[in-house]
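Trainee: Can you look at this prediction? I've put the sequence above it.
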Amino acid sequence: MAEQVKTLSPIREDLRASRILLRAGWRAAMSYRISFLSAILGGMVLQGTQLLFIGVLLAKFNVIDGWRLNDIAFLFGMRLAAHAFYVVPFGALLSIDQAIQQGDVDRYLLRPAGTYLQVITRYAPLMALGDALLGFGAVAVFAPQASVDWTPGKVVFLIAALVGGGLVETGMQTFLAGLSFRMTSTMSLRILADDTITRFSGYPLTMFSRWGFLSLTFIFPMAFIAYLPATVLLGRTDDLPIPAWLAYLSPAGGPVVFAIGLVFFNRMIRSYTSPGS
Amino acid sequence: MIIEVADLTKDFSRPDVRPGRFAGTRSLFTRARKVTRAVDGISFQIDDGELIGFLGPNGAGKSTTIKMLTGILVPTSGTVTVAGQVPWRDRRRNARTIGAVFGQRTQLWYDLPLRNSFEIIRDLYSMDPATYRTRLGEFTELLDLDEFIDTPVRSLSLGQRMRGDLVAAMLYAPRILYLDEPTVGLDVVAKGKIREFVAEINAGRGTTVILTTHDMDDVERLCRRVVIIDHGKILYEGDVGMLKAQYVTSRDVVVHCTDFDATTISSPFAQVVSADTFKATLRFDPEVTAAPKVVHDLTSRYPITDLSLLEPDLEDVIRQLYTERTPVPARGTGA
């Protein structure tokens, strides 16, 4: 009775599977209507407090590391929007420890779809919609007020930078999530990374020392999320202690960091021990 | 052979922390590791279309073995081939060849109605709609899914959920089905339904079934061959009947009477083990005396109203096997 199996390439298979699994995730999330709406609102409020904090900070100091209010607000908007590109499609990564501890990964390994794909579609991260509304809203409001002469080229660069920034954050979180297969729990590490990104990636990172900046560029590559591309758009690449071309190429950092994170994650699956074995 | 396992071993390692003061804190810094061997160099083969019982006490290494066969765990050493593939390496292709039901955990989408889970599986396994409809129709009838197919999985009873899980595992017609404790916690009616279904997909559709269970009724009703594992090693591999024959050195015959006192009964071929006025139980060695000879002797000498020959109890055999924990040389249909 076994039938001939249609074989697709793993990428096409994953694209198909992601459509199917995403639909399932959202359908499940919407079966709890009140939670659906309150989570979206919660996401907006949570990130909104950060925006409010910037307002307070700038009302007091007016300038941070030579950056004026309108440009800081734009940088922060970029950070929020880039974060949305991580948290809307990949937000369920947050629950990797649970997936491992409860043995849900067993189920993922039994299905003909990528394990990573199934982890990120295990539920619809509703709060992320609030993040996205706020992030894209902030970019729409602050971009016209920033010291940028907008051209179609710069708009394309901005969009590439936001997607790339999202992928940098995703790659870093994916890498740490991969460690969970060996360590069972990396929640505190991942919260630390998330918190550091939330607190600092929306500021001019040269406000840290030269070595601080270099480590935030090459070791914990948070500078790629918003700061480096913002210096390009704002014409401030001279501030950087690194070659300007690196800032121009910063949107490409996203796919690179993401690829490293994903390869590591997939390699670590072999260390999965499955509860109850 | 659809499944071939050779010298399969799985070790788990964890920090070795000795009990005492600050054990929790020390566990964060210790570099010493404690290695536990869950599966210890086992080898066996399973034929296409077989229905095999995979038995063993808790912690014997059954689940670990099944997880290596399904591709969930990567073996420490040894080889596993399932339908020509190495499960963990060819994971996706293997996933299309196998179905799995783990009694303790559902494979279904918890918040969605059961029907939606089936539709997601239809799409994930690229089933054509007509085959899906036909097969779902057949399974719905076999397992009486009609009443609850539109209920969210989270609201199903254990028996209903298990039936849903079985259908989900068989919808895309995998060649091999792994069942890990499929009847645990179920009432007799639900158990019966599930056994019927398993028998049907094995006999009627040729699916190879690997059944892990603690329920000896499952084994007696479904399996011809068993693999018994303990402490990661195989204790026995072979025919269920042969296992009983090897282990059961005596059989019991129970006689009932109304016209005479059963305590007076005796036989040159059997020993009385218990007796009261109306009933006596006698034990004999089937290797020395065949059962018909004992029965004939009793019925020809006493006005017996009823007589029954007790089947050897598999549960007793398994219990004895676990207690002695000595591997039995394979006999019967074992490979």
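Mentor: Great, that's in hand.
Trainee: For the helix or strand containing B:I234, give the mean pLDDT please.
Mentor: Under the criterion of DSSP states H and E, B:I234 resides in strand B:233-239. What strand B:233-239 shows for mean pLDDT is 91.
Trainee: likewise stretch B:20-33?
Mentor: For stretch B:20-33, the mean confidence score works out to 68.
Trainee: again with stretch A:234-252
Mentor: Here the average pLDDT along stretch A:234-252 is 91.
Trainee: ends of that stretch, how far apart?
Mentor: Terminal residues of stretch A:234-252 lie 19 Å apart, using C-alpha to C-alpha, to the nearest Å.
Trainee: So which residues make contact with it?
Mentor: The contact list for stretch A:234-252 (C-beta atoms under 8 Å, 6 or more residues apart in numbering or on different chains) reads A:66, A:71, A:74, A:146-148, A:157, A:160-161, A:163-165, A:204, A:206, A:210, A:213-214, A:217, A:223-224, A:228-232. Glycine gets a C-beta too; all of them are placed from N, C-alpha and C.
Trainee: Just the buried residues from those residues, in ChimeraX please.
Mentor: This is how ChimeraX selects the buried members of the contacts of stretch A:234-252, with burial counted by 16 or more other C-beta atoms under 10 Å in any protein chain shown:
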select /A:71,74,146,148,157,161,164,165,204,206,213,217,223,224,228,229,230,231,232
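Trainee: Point out the residues in the stretch 101-250 of chain A that sit beside chain B.
Mentor: Taking C-beta under 8 Å from any C-beta of the partner chain as the criterion, the neighbours of chain B within the stretch 101-250 of chain A are A:103, A:105-107, A:109-113.
Trainee: Where does the stretch 101-250 of chain A get nearest to chain B, residue-wise?
Mentor: A:P112 (4.2 Å; C-beta to the nearest C-beta).
Trainee: Run through the residues that contact the closest residue in space to that residue that isn't next to it in sequence.
Mentor: The shortest distance from A:P112 to any non-neighbouring residue, by C-beta to C-beta, 6 or more residues apart in numbering or on different chains, is to B:A95 (4.2 Å). Applying C-beta under 8 Å, 6+ apart to B:A95 gives the contacts A:109-112, B:71.
Trainee: repeat that with 10 Å
Mentor: By C-beta atoms under 10 Å, 6 or more residues apart in numbering or on different chains, the residues touching B:A95 are A:5, A:108-113, B:70-71, B:87, B:124-125, B:172, B:174.
Trainee: any idea which element it lies in?
Mentor: helix B:91-97.
Trainee: Heading C-terminal from that helix, find the next helix or strand.
Mentor: Helix B:91-97 is succeeded, C-terminally, by strand B:98-102 (DSSP H and E).
Trainee: quick one: that following strand near chain A?
Mentor: Yes - with C-beta under 10 Å from any C-beta of the partner chain as the criterion, chain A is reached by strand B:98-102 at B:98-100, B:102.
Trainee: Now do the following helix or strand past that strand: which elements does it pack against?
Mentor: Toward the C-terminal end, the helix or strand that comes next after strand B:98-102 (DSSP H and E) is helix B:114-124. Secondary-structure packing of helix B:114-124 (3 or more C-beta pairs under 10 Å, 6 or more residues apart in numbering or on different chains; DSSP states H and E): helix A:10-30, helix B:129-143, helix B:158-170.
Trainee: mind redoing it with 7 Å?
Mentor: helix A:10-30, helix B:158-170 (3 or more C-beta pairs under 7 Å, 6 or more residues apart in numbering or on different chains; DSSP states H and E).
Trainee: what about that helix, distance to the chain center?
Mentor: Relative to its chain's centre, helix B:114-124 lies at 28 Å (C-alpha atoms, centre = their mean, to the nearest Å).
Trainee: could you give the angle of that helix to helix A:10-30?
Mentor: 170 degrees (axes from the mean of the first three to the mean of the last three C-alpha atoms, to 10 degrees).
Trainee: Pull the contacting residues for the spatially most central residue of chain A.
Mentor: In chain A, the centroid-proximal residue (C-alpha atoms, centre = their mean) is A:Y86; its distance is 2.8 Å. Contact analysis of A:Y86 by C-beta atoms under 7 Å, 6 or more residues apart in numbering or on different chains lists A:166, A:169-170.
Trainee: Which ones among these lie within helices?
Mentor: A:166, A:169-170 (DSSP state H).
Trainee: what's the domain layout of chain B?
Mentor: B:3-245, B:249-311 (automatic domain parsing).
Trainee: By neighbours, which of the ones in helices among the contacts of A:Y86 wins?
Mentor: In terms of neighbour count, A:E169 stands highest of these at 30 neighbours, by other C-beta atoms under 10 Å in any protein chain shown.
Trainee: returning to what we had before: using neighbour counts, give me the buried entries of the contacts of B:A95.
Mentor: A:108-113, B:70-71, B:87, B:124-125, B:172, B:174.
Trainee: what's the distance between the nearest residue to A:A113 once chain neighbours are set aside and B:Q85?
Mentor: Computed as C-beta to C-beta, 6+ apart, the closest residue to A:A113 that is not its neighbour in sequence is A:A17, at 3.7 Å. Between A:A17 and B:Q85 the computed distance is 20 Å (C-beta to C-beta, to the nearest Å).
Trainee: Surely B:K10 is in a strand?
Mentor: Yes - looking at B:K10 with DSSP: H, G, I helix; E, B strand; the rest coil, it is inside a strand.
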